[in-house]
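*Asks:* Build the 3D model from these lines:
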Amino acid sequence: MGAAPAQYPPPFDPEDYIGPPTDPEDERLEVGVAIVGGGPAGLYFALLMKQAQPEAQIKVYERNRPYDTFGWGVVFSDATMDNMRQWDPVTADEIQQAFNHWDDIELHFKGAVIRSGGHGFVGIGRKKLLNILQARCEALGVKLVFETEVQSDADFPDADLIIASDGIHSRIRSRYEAVFKPDIVVRPNRYIWLGTHKLYDAFTFIFERPSTAGSRPTSTSSTNTPPPSSSNAPSRCGGRTGWTRRRRRRRWRSAKSCSPATCRGSA
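*Replies:* Just a heads-up that it's a prediction; the model follows:
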């Protein structure tokens with residue numbers, strides 16, 4: 001069972017850092033929170049913040065349109081869903097009605113198939129998840145601003161709080177890299193995210209060695225995400241598999257035809 005929010009108190013007392021207001025009460029501005037990036041993290045923070053402080057003026061800035069998305073699906077563990085039910089039952093119920101659930105993990109390795117149960121995962125289409133979070137934010141009074149490119153935190157001089165949830169290449173976090181001190185390790189592995197109409201009854205991991213001499217094994221993990229007629233299958237390979245520009249077209253054609261290493265017999 002997940003931990004209750006009360007078990008995670010703030011690591012410091014805000015009053016130690018935020019002093020009492022000194023300006024006249026009739027001249028004070030509303031609390032302003034600017035969230036840069038309208039992905040799952042930014043939207044979920046916005047709806048939780050709005051519930052905690054209903055009087056706060058919160059805006060989420062997203063550079064894409066409401067129905068644009070990248071990637072196929074999102075996977076949560078059962079423990080994550082338990083936590084979401086405690087923090088915001090309304091959102092959790094909406095997600096529960098839209099996800100696929102499975103308990104087993106199946107591993108294909110060197111001709112053997114190993115299956116284990118009791119894990120508990122749910123999968124949901126990324127676009128559907130975003131739409132659920134967007135609707136919940138709007139119902140609570142969060143302002144969503146789409147098709148807006150934010151260049152810097154300097155775009156919000158009057159904001160009391162700025163959240164940088166604009167992805168791995170965040171301009172704001174890059175600007176303050178010396179403060180945040182991120183620890184990023186770039187790995188040589190290549191991957192491509194595919195879709196297939198083949199359905200799986202378990203979270204499936206497939207390891208195969210390509211026929212090319214000297215190639216490293218390829219791993220594919222496959223899960224079902226709504227609509228129930230499709231699955232997503234990210235395929236990964238080692239950095240020395242020769243994934244060069246002149247070979248990408250041939251590999252992409254192979255991927256679209258769903259080779260055994262990616263789709264396991266999918267038509």
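*Asks:* For the longest helix anywhere in the chain, list every residue counted as buried.
*Replies:* Ranked by residue count, the top helix of the chain under DSSP state H comes out as helix 126-140. Across helix 126-140, burial judged by 16 or more other CB atoms under 10 Å covers 126, 127, 128, 129, 130, 131, 132, 133, 134, 136, 137, 140. Any C-beta I mention is one placed from the backbone N, CA and C, and that applies to glycine too.
*Asks:* How confident was the prediction at the fourth one?
*Replies:* For residue 129, the model assigns a pLDDT of 92.
*Asks:* which non-adjacent residue is nearest it?
*Replies:* Nearest non-adjacent residue to residue 129, counting by CB to CB, 6 or more residues apart in numbering: residue 74, 5.4 Å away.
*Asks:* So the one you found versus residue 125, what's the distance?
*Replies:* Residue 74 sits at a distance of 8 Å from residue 125 (criterion: CB to CB, to the nearest Å).
*Asks:* returning to that earlier point: now, among the buried residues of helix 126-140, which is nearest to residue 205?
*Replies:* Closest approach between the buried residues of helix 126-140 and residue 205, by CB to CB: residue 126, at 20.6 Å.
*Asks:* Leaving aside the residues adjacent along the chain, what's closest to residue 164?
*Replies:* Of all residues not flanking residue 164 in the chain, residue 172 sits nearest, at 3.9 Å (CB to CB, 6+ apart).
*Asks:* Summarise which helices and strands the one helix or strand residue 91 maps to is packed against.
*Replies:* Following DSSP states H and E, one finds residue 91 within helix 89-98. Secondary-structure packing of helix 89-98 (3 or more CB pairs under 8 Å, 6 or more residues apart in numbering; DSSP states H and E): helix 78-87, strand 121-125, helix 126-140.
*Asks:* buried residues in that helix?
*Replies:* 91, 92, 94, 95, 98.
*Asks:* would TSV of the residues you listed with distance to residue 33 and pLDDT be doable?
*Replies:* Below are the buried residues of helix 89-98 laid out as TSV (distance: CB to CB, whole Å; pLDDT from 0 to 100):
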residue	distance to residue 33	pLDDT
91	18	96
92	23	94
94	23	94
95	24	92
98	28	87
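*Asks:* so where do the strands sit in this protein?
*Replies:* 32-36, 57-61, 73-77, 100-102, 105-109, 112-116, 121-125, 143-145, 161-164, 190-196, 203-208, 218-224, 231-237 (DSSP state E).
*Asks:* can the ones you listed go into a markdown table with extra columns for mean neighbour count and mean pLDDT?
*Replies:* Supplementary listing: the strands of the chain in a markdown table, determined by neighbours: other CB atoms under 10 Å; pLDDT from 0 to 100:
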| stretch | mean neighbour count | mean pLDDT |
| --- | --- | --- |
| strand 32-36 | 23 | 94 |
| strand 57-61 | 21 | 95 |
| strand 73-77 | 18 | 85 |
| strand 100-102 | 17 | 84 |
| strand 105-109 | 16 | 91 |
| strand 112-116 | 10 | 95 |
| strand 121-125 | 21 | 84 |
| strand 143-145 | 15 | 95 |
| strand 161-164 | 18 | 93 |
| strand 190-196 | 16 | 78 |
| strand 203-208 | 19 | 86 |
| strand 218-224 | 21 | 57 |
| strand 231-237 | 21 | 76 |
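*Asks:* between the ones you listed, which gets nearest to residue 176?
*Replies:* Proximity to residue 176 (CB to CB) singles out strand 161-164 among the strands of the chain, at 8.5 Å.
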